[in-house]
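A.B. asks: Sequence first, predicted coordinates after that:
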Amino acid sequence: MIKKYLFKITRVSKAKFILVIGITLVFLSILISSFALEEYLVTKKLSGSVKLNEGESFIINIIPSSSTSYAYVYNGSLYLNSTAPVIVTGEKLQTVFYNQTKIDLRGLTSNLVIRALKNGTAVSYNGFFEIKVKPYYFLSIPSIFILIVGMVFSFMGVYQVILERKMRHYQ
């Protein structure tokens, strides 16, 4: 008699334990995916100067390279000052600039290249901008797997708890 009673308690507690594990896994997957897919802003300031000869180019690294996220300039501009005409090329930009120039960087996803058209061209630049970083969605694949496992455990636990209550009702 006591053995049967202990067996019933153990079966019900196992079902509730499975249910608790399933619910915990579901909440854990939601937490992991919210951290993995969070967008954030990075404020960046660039300044410097370079002296170029005719045909030489200089790369201004605006966007940091990353294999886990996609970044673009959200807001900001770059101020150029040159002693001779220079060609500035970027993703959506290819223009000849001379003297003091302001370049709007919104939406830029690559770096800028400055190429001199005359010997001894001095170029100084100064910029302040915000970069929005968006993670790639493949980072959420582990949390999707955890979510599926948690849902299976939750449904198993609910099913076993309901089954145990019905069995207790018929005895």
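C.D. replies: That came in fine, so what should we check first?
A.B. asks: Which elements pack onto the lengthiest strand in the chain?
C.D. replies: Scanning the chain for the strand with the most residues, using DSSP state E, yields strand 69-89. If you count contacts as 3 or more Cβ pairs under 8 Å, 6 or more residues apart in numbering; DSSP states H and E, strand 69-89 packs onto strand 40-52, strand 94-104, strand 112-116, strand 121-135. All C-beta atoms are positioned from the backbone trio N, CA, C, and that covers glycine.
A.B. asks: mean pLDDT lowest for which of those?
C.D. replies: The stretch with the lowest mean pLDDT among these is strand 94-104, at a mean of 79.
A.B. asks: Need the CA coordinates for that strand. CSV is fine.
C.D. replies: Listed next in CSV are the C-alpha coordinates belonging to strand 94-104 (Å, rounded to 0.1, in the frame of the first residue of the first chain):
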residue,chain,number,x,y,z
GLN,A,94,31.8,59.1,-56.1
THR,A,95,32.5,62.8,-56.2
VAL,A,96,35.4,65.2,-56.7
PHE,A,97,35.8,67.5,-53.7
TYR,A,98,38.0,70.5,-53.1
ASN,A,99,38.7,72.6,-50.1
GLN,A,100,36.2,72.4,-47.3
THR,A,101,33.4,69.8,-47.8
LYS,A,102,30.8,68.1,-45.6
ILE,A,103,29.9,64.5,-46.6
ASP,A,104,26.6,63.1,-45.3
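A.B. asks: Show the contacting residues for the nearest residue to Glu91 once chain neighbours are set aside.
C.D. replies: Nearest residue to Glu91, sequence neighbours excluded (Cβ to Cβ, 6 or more residues apart in numbering): Ser110, at 4.5 Å. Listed by Cβ atoms under 8 Å, 6 or more residues apart in numbering, the contact partners of Ser110 are Ile62, Ile63, Gly90, Glu91.
A.B. asks: What distance do you get for Ile87 to Val113?
C.D. replies: Shown here: Ile87 relative to Val113, a distance of 8 Å by Cβ to Cβ, to the nearest Å.
A.B. asks: Sorry, slip of the keys, the one I care about is Ala15.
C.D. replies: Taken as Cβ to Cβ, the span from Ala15 to Val113 is 65 Å.
A.B. asks: higher neighbour count, these two?
C.D. replies: With neighbours defined as other Cβ atoms under 10 Å, Ala15 and Val113 compare such that Ala15 has more, 20 against 15.
A.B. asks: Tell me who's in contact with the more buried one.
C.D. replies: By Cβ under 8 Å, 6+ apart, the contact list for Ala15 reads Gly157, Gln160, Val161, Leu163, Glu164.
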